[in-house]
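*Asks:* Mind looking at a prediction? Sequence and model below.
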Amino acid sequence: MLPSAIEVLTLFVHDVVASRAFYAKVFAPRIVYEDEVSAVLEMGGVMVNLLQQEQAPELVAPLPIADSTGGARSLLTIKVENVDSLCSELEALGVPLLNGPIDRPWGRRTAAFADPSGHIWELVQEI
């Protein structure tokens, strides 16, 4: 079996500078590395690599890079203590919510927002 720990999550982005600014504003991560085409951010023990999408094809060949305008491609979930409070903070930062806060039938309160390249983040708290 493969190890179950995730070291790096790479997100293909349209604009590294705009994405880096968004993540700095919303998450305040520690910057591990950055150059003209990428920024590696440490977020809670996992590194998030914001990679300019033009640099990505060699990493996933022979598959193509999907267009972010075609709809949601993933959902990244963060467990939090208070969804409503964090939604207020996001709105104060000018980050629009896609949905929520919503009480879900499976016992969680959720809200979702997207980064500049359309990667969707979900905040979740146990009810």
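*Replies:* Perfect, thanks for sending it. On a predicted model such as this, the values are computed, not experimentally measured, just so you know.

*Asks:* contacts and neighbour counts: CA atoms only from here.
*Replies:* Noted.

*Asks:* hang on, V8 packs against M47?
*Replies:* Yes. At 4.6 Å, V8 counts as touching M47 under the criterion of CA atoms under 8 Å.

*Asks:* between the two, who's got more neighbours?
*Replies:* Neighbour count, other CA atoms under 10 Å: between V8 and M47, M47 has more, with 20 against 15.

*Asks:* Quick check: beta-bridge partners of that one?
*Replies:* Assessed by DSSP bridges, M47 has beta-bridge partners V8, E42.

*Asks:* could you pull out the strands for the chain?
*Replies:* Here the chain has its strands, by DSSP state E, at 8-13, 30-34, 38-43, 46-52, 75-79, 97-103, 108-114, 120-126.

*Asks:* Quick one: these as TSV, columns for mean pLDDT and distance to M1 too.
*Replies:* Below are those laid out as TSV (pLDDT from 0 to 100; distance: least, CA to CA, whole Å):
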stretch	mean pLDDT	distance to M1
strand 8-13	94	19
strand 30-34	96	29
strand 38-43	96	26
strand 46-52	95	21
strand 75-79	91	24
strand 97-103	96	36
strand 108-114	94	31
strand 120-126	94	29
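
*Asks:* What residues does E7 make contact with?
*Replies:* By CA atoms under 8 Å, 6 or more residues apart in numbering, the contact set of E7 is 45-47.

*Asks:* Alright, that wraps it up for me.
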